[in-house]
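S.K.: Output the structure for:
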Amino acid sequence: MAKKCISKILWPVDPYELESAIQKSAAEALNGFLAASQAELEPVYILNPRQLDLGLDAPEQWLEQYRPVAEGALKSFLEGRVVSSLSGNPWKFKVLVQASASNSAAVKTLNHHVNATGAEMIFLGTHGRKGMPRLFLGSFAETLLLESKIPVLVVNSKTKSVAHYDHILFATDLSRTSWNGFRKTLALASQLGSRVTIFHSIQNPSKSSFHGESLMGATWIPMPAFVEEELIARRKVAERWLKTGLKMGVAVDIDLELTHQGIVPAILDAADRYKTSIIAMTAQSGPLASAVMGSVTRQIVREATKPIWVVRASSAKG
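M.R.: Numbers count the residues shown, from 1 in each chain. The predicted structure follows:
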């Protein structure tokens, strides 16, 4: 049997959050994933001044007096939720006390706990709201996706129940950065017994969309021929990736398509068409991270009806 890539999962929760659709979606998705992966789960609550309605930092020693209350609330929260792999077993949970009220500090605290526990994945439920800036899932969750040291499995209130984690759609731009995330996804697929579809979409321009003459005095360049050549080149890249998956014992297929719609609708349509269990993506890090999160990953996490496996670019290496 192949070595597990995920043996321990951290689950950040807020025990004071009111019952909601996202909690139901998260519990169902988590049950299925734990059954498939046979991983250990540790719920985590980050107690900081923000949780006490304080908009400023507070001494950690002062916050510690609230730990027993927070632990009691977390225990009550968890007792109302049945998770298959822990049924009948006492909950193992952790309250992390943090003096800073910032989301970035909360993520840093969680990353420290990742190092301390050796966890390989974070499970995260999001609200997926619309109509507010930078808010597909709240600033804590967005910061986590940009800064997490390990992959994050995300669900929102639209996530449908997943009976079997048997098919992963890996949405990719076929870049070197995405290749590193693909290797992580292959390891996950091997553990879950899933097959993987490499999905890459190229927007197909019309013949009149590019005139060299109007731009730089050159002759007209036939775009469809150029796009076809690019599609062939990218298929060769995808085929190399496919061979790597087959060597690992993972069933892999390729879907490269030309589309007149945007990249995000193309990914969502493919996930529905293939009835995939998970959409996997590599999130960019560095100077362009916020823009990339806004243009692709943020929208997928907000709109998808499937769990989304997000690997931050720098954490995908190795």
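
S.K.: where do the strands sit along the chain?
M.R.: Counting by DSSP state E, one finds strands in the chain at the ranges 8-12, 40-47, 94-97, 121-125, 152-155, 167-171, 195-203, 252-259, 278-283, 308-312.

S.K.: Neighbouring strands - and their directions - for the first one?
M.R.: For strand 8-12, the pairing partners within the sheet under DSSP bridges are strand 40-47 (parallel), strand 121-125 (parallel).

S.K.: swap in the third one?
M.R.: The partner list of strand 94-97 in its sheet, established with DSSP bridges, is strand 40-47 (parallel).

S.K.: who are the neighbours in contact with the residue nearest to residue 237 when sequence neighbours are not counted?
M.R.: By the measure of C-beta to C-beta, 6 or more residues apart in numbering, the closest residue to residue 237 outside its immediate chain neighbours is residue 174, 4.8 Å from it. Using the backbone N, CA and C atoms, a C-beta is placed for each residue, glycine as well. If a contact means C-beta atoms under 8 Å, 6 or more residues apart in numbering, then residue 174 has 200, 234, 237, 238, 241 as its contacts.

S.K.: Count the residues that sit near residue 226.
M.R.: By other C-beta atoms under 10 Å, the residues close to residue 226 number 12.

S.K.: do you know how far it is from residue 254?
M.R.: Relative to residue 254, residue 226 is positioned 21 Å away (C-beta to C-beta, to the nearest Å).

S.K.: same check, this time on residue 109
M.R.: 40 Å.

S.K.: again, but for residue 182
M.R.: When C-beta to C-beta is the yardstick, residue 182 and residue 254 sit 12 Å from each other.

S.K.: what is in contact with those two at once?
M.R.: Common neighbours of residue 182 and residue 254 (C-beta under 8 Å, 6+ apart) are residue 198.

S.K.: Quick check: which ranges of the stretch 51-200 of the chain have low pLDDT?
M.R.: Segments of the stretch 51-200 of the chain classed as low confidence (criterion: pLDDT under 70) are 80-91, 127-138.

S.K.: And stretch 154-166, end to end?
M.R.: 17 Å (C-alpha to C-alpha, to the nearest Å).

S.K.: of all the strands paired with strand 8-12, which lies closest to residue 303?
M.R.: Distance to residue 303, taken as C-beta to C-beta, is lowest for strand 121-125 among the strands paired with strand 8-12, at 15.7 Å.

S.K.: Kindly reformat the contacts of residue 174 as JSON lines containing distance to residue 15.
M.R.: Compiled in JSON lines, those are given as follows (distance: C-beta to C-beta, whole Å):
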{"residue": "200", "distance to residue 15": "41"}
{"residue": "234", "distance to residue 15": "47"}
{"residue": "237", "distance to residue 15": "46"}
{"residue": "238", "distance to residue 15": "44"}
{"residue": "241", "distance to residue 15": "42"}
